[in-house]
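**Q** sequence-free structure coming up:
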């Protein structure tokens, strides 16, 4: 296990970057032009980024990014 210390400004920046990445991946997952293999890879990455975001986000903010597990299988 690794640990990193962030000051308040860095934590806010990390929050912003993770939210933007999650937003982009949600758009990609809803794009009908992408095939199943690509969506599966995006869904796997989404789960990793989501777990990172879960460590710093409030439950209310986190609920916005919760995926229906049956919708996007990896």
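**A** Cool, got the structure. Bear in mind that the values here come from a model prediction, so they are computed numbers and not experimental data.

**Q** can we go C-alpha only for contacts and neighbour counts from here?
**A** Fine.

**Q** Show me which residues of the helix ranked longest in the chain are buried.
**A** Counting residues, the longest helix found in the chain (DSSP state H) is helix 8-29. Neighbour-count burial for helix 8-29 flags 14, 15, 18, 19, 22, 25, 26, 28, 29 (criterion: 16 or more other CA atoms under 10 Å).

**Q** Quick check: mean pLDDT of it?
**A** Averaged across helix 8-29, the pLDDT comes to 96.

**Q** Contacts for it, please.
**A** Applying CA atoms under 8 Å, 6 or more residues apart in numbering, the contact partners of helix 8-29 are 34, 39, 42-43, 46, 49-50, 52-53, 56-57, 65, 72.

**Q** Can I get these in a markdown table including secondary structure and pLDDT?
**A** Formatted as a markdown table, those follow (DSSP: H, G, I helix; E, B strand; the rest coil; pLDDT from 0 to 100):
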| residue | secondary structure | pLDDT |
| --- | --- | --- |
| 34 | coil | 94 |
| 39 | helix | 94 |
| 42 | helix | 95 |
| 43 | helix | 94 |
| 46 | helix | 95 |
| 49 | helix | 96 |
| 50 | helix | 95 |
| 52 | helix | 94 |
| 53 | helix | 95 |
| 56 | coil | 91 |
| 57 | coil | 92 |
| 65 | coil | 91 |
| 72 | coil | 55 |
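
**Q** what separates the longest helix of the chain from the chain centre, distance-wise?
**A** 7 Å (CA atoms, centre = their mean, to the nearest Å).

**Q** which one among the buried residues of helix 8-29 gets closest to residue 7?
**A** residue 14 (10.6 Å; CA to CA).

**Q** with the buried residues of helix 8-29 in mind, which one is nearest to residue 3?
**A** residue 14 (14.6 Å).
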